[in-house]
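Engineer: Would you be able to build a 3D model of this:
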Amino acid sequence: MLDARAAYPTSSLADLYDPDTMPADLRRAHAALDRAVDRLYRAAPFETDRDRVEHLFGRYEALVNPLERLGAAKNRRVARKAGQDAGGA
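Structural biologist: Presented below is the predicted three-dimensional model:
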């Protein structure tokens, strides 16, 4: 993808990523990258670009903020225990 973009040194990102004028080689490079990402994370491809991006941002968030993830897990345990205690009374 970076090589495809480098082939257009005078084009801005806005020019390169205009859906009506995006160069075919850049479009193919992005499609190949999408397929590679899909294979890394799932047996089946993501249904939409949005699904792929949401998955990737979720993984990124877990990496950069692991304490929040652990806190959320702890909160679920507390909530589950409180529910069990209330049901058993």
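Engineer: contacts and neighbour counts: CA atoms only from here.
Structural biologist: Noted.
Engineer: which stretch of helix or strand covers the closest residue to Thr21 other than its chain neighbours?
Structural biologist: Nearest residue to Thr21, sequence neighbours excluded (CA to CA, 6 or more residues apart in numbering): Asp15, at 7.3 Å. Asp15 is part of helix 13-16, with elements assigned from DSSP states H and E.
Engineer: now Arg50
Structural biologist: helix 49-64.
Engineer: counting contacts, what elements does that helix pack onto?
Structural biologist: Other helices and strands packing on helix 49-64, by 3 or more CA pairs under 8 Å, 6 or more residues apart in numbering; DSSP states H and E, are absent; none qualifies.
Engineer: Rounded mean pLDDT for that helix, please.
Structural biologist: Taken as a whole, helix 49-64 carries a mean pLDDT of 91.
Engineer: Kindly report the same for stretch 29-42.
Structural biologist: On average, stretch 29-42 scores 92.
Engineer: how about the helix or strand where Ala32 lies as CSV, C-alpha atoms only?
Structural biologist: Using DSSP H and E, Ala32 maps to helix 24-41. Presented in CSV, the C-alpha positions along helix 24-41 are these (Å, rounded to 0.1, in the frame of the first residue of the first chain):
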residue,chain,number,x,y,z
ALA,A,24,-6.5,1.2,-9.4
ASP,A,25,-3.2,0.0,-8.0
LEU,A,26,-3.8,1.7,-4.7
ARG,A,27,-7.4,0.2,-4.5
ARG,A,28,-5.9,-3.2,-5.2
ALA,A,29,-3.2,-2.7,-2.5
HIS,A,30,-5.9,-1.8,0.1
ALA,A,31,-8.0,-4.8,-0.9
ALA,A,32,-5.0,-7.1,-0.4
LEU,A,33,-4.3,-5.5,3.0
ASP,A,34,-7.9,-6.0,4.0
ARG,A,35,-7.7,-9.7,3.0
ALA,A,36,-4.5,-10.1,5.0
VAL,A,37,-6.0,-8.5,8.1
ASP,A,38,-9.2,-10.6,7.8
ARG,A,39,-7.1,-13.8,7.7
LEU,A,40,-5.1,-12.7,10.8
TYR,A,41,-8.2,-12.3,12.9
